[in-house]
Structures are given as C-alpha cells and as structure tokens.
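J.: Sequence and predicted structure below; questions after.
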Amino acid sequence: MSYGREERSWWSRNWFWALGCGCLLLLLVPLGLCSAGVGWFVWTVRSHDAIEAALARAHANPAVVEALGEPLELGWQGSFNFSTDGGVPRVEVDTRIHGPRGEGSFRIRGRKPQDSWEFDRLEIWVDGTDQRIDLLEPGLEARRRSGMS
C-alpha cells in the first residue's frame, strides 16, 4: 500500500551513487592500463639478456655483495638505450641497484657481436662513498686504455 505516494524508480533513488561509480570507473580503467604498461616495460627491460648478464656479474662480485648485500635488485628508473648498429645489438644503461646494505648507480655499456655480450663499461658506484666497483675482467680495463681492445 502506497498511501497516495508514488514509488520512486531505482534510478531516482540511486542516481548519485551510479554516477559516482561510473566516473570512478572511467578514472580507474586508464590508470590500470597505464600501470600494466609500465609493469610490462619494467619486466621487459629487466629480462633483457644484457641486463641479466650484467646483473649476474654483480651477484658474483664479492665487493658488490659486501657493499650492497644480497639479494641485489635493479631500480625501475634510469636511462635504458637498446639499439642495433650494423646488425650488432648494443646496450647502454644507467640505473639504480640496491641490496639490504646499500644502493648505488649501475652503469652498463656493451655490444653483442656474436653469442655473448661484450661489455666495455660495467661498474657500480656505491652511494655515500667514493667506491667504484669495476665488474670487468682486471686486464680488460688496461687493454681498453691502451687501445688494444
């Protein structure tokens, strides 16, 4: 029994909530798509074989483990340049690296003329110190300076 009152429709009772949820959905969907895109980009960069090879050298270096600790993780911000020159893949990366004991800058530069990466720059600068950890083979630095690389 309505006692002379007309029943209001669902829309007339809930228009404010429906409109608010619709606007929120219009904001959240693009934000979710952007987040997924950024996540995909970070995963793609981190799984690049040059980054994996450089990170493996960092994990195997006792000076890096002592300064930063383990596990080591790459930051998601930085400069990432992957290119090809005459059919030879090249990489130039400047990003952050951190572990439980500290963090620093990770600089990578190399090329892949055959089946494996050849780095001519692979170093970590530890934050808060003047420590630079060169991850290249000990003799390679001297050969590179003398022009015999």
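T.: It's in.
J.: which sections of the chain are below the confidence cut-off?
T.: Across the chain, the ranges flagged by pLDDT under 70 are 1-4, 36-47, 137-149.
J.: most residues in a single strand of it, which one?
T.: The longest strand of the chain (DSSP state E) is strand 73-85.
J.: With adjacent residues omitted, what lies nearest to residue 48?
T.: Nearest non-adjacent residue to residue 48, counting by Cβ to Cβ, 6 or more residues apart in numbering: residue 82, 6.8 Å away. Every C-beta, even on glycine, is put in place using the N, C-alpha and C of the backbone.
J.: Near that neighbour, how many other residues are there?
T.: Neighbour count for residue 82, taken as other Cβ atoms under 10 Å: 14.
J.: isn't it right up against residue 89?
T.: Yes. If you go by Cβ atoms under 8 Å, residue 82 and residue 89 touch, sitting 7.3 Å apart.
J.: For the nearest residue to residue 132 once chain neighbours are set aside, give me its contacts.
T.: Spatial nearest neighbour of residue 132, chain neighbours left out: residue 125 (5.4 Å); criterion: Cβ to Cβ, 6+ apart. Each residue near residue 125 by Cβ atoms under 8 Å, 6 or more residues apart in numbering is listed here: 104-105, 107, 131-133.
J.: List the residues that contact the residue nearest to residue 48.
T.: Counting by Cβ under 8 Å, 6+ apart, residue 82 makes contact with 48, 50, 89-91.
J.: re earlier: got the angle for the following helix or strand past the longest strand of the chain vs strand 73-85?
T.: The helix or strand immediately downstream of strand 73-85 is strand 88-98, counting by DSSP states H and E. Calculated by axes from the mean of the first three to the mean of the last three Cα atoms, to 10 degrees, strand 88-98 forms an angle of 170 degrees with strand 73-85.
J.: Could you list every helix and strand that strand 88-98 packs against?
T.: Packed against strand 88-98 by the contact rule (3 or more Cβ pairs under 8 Å, 6 or more residues apart in numbering; DSSP states H and E) you find helix 49-60, strand 73-85, strand 103-111.
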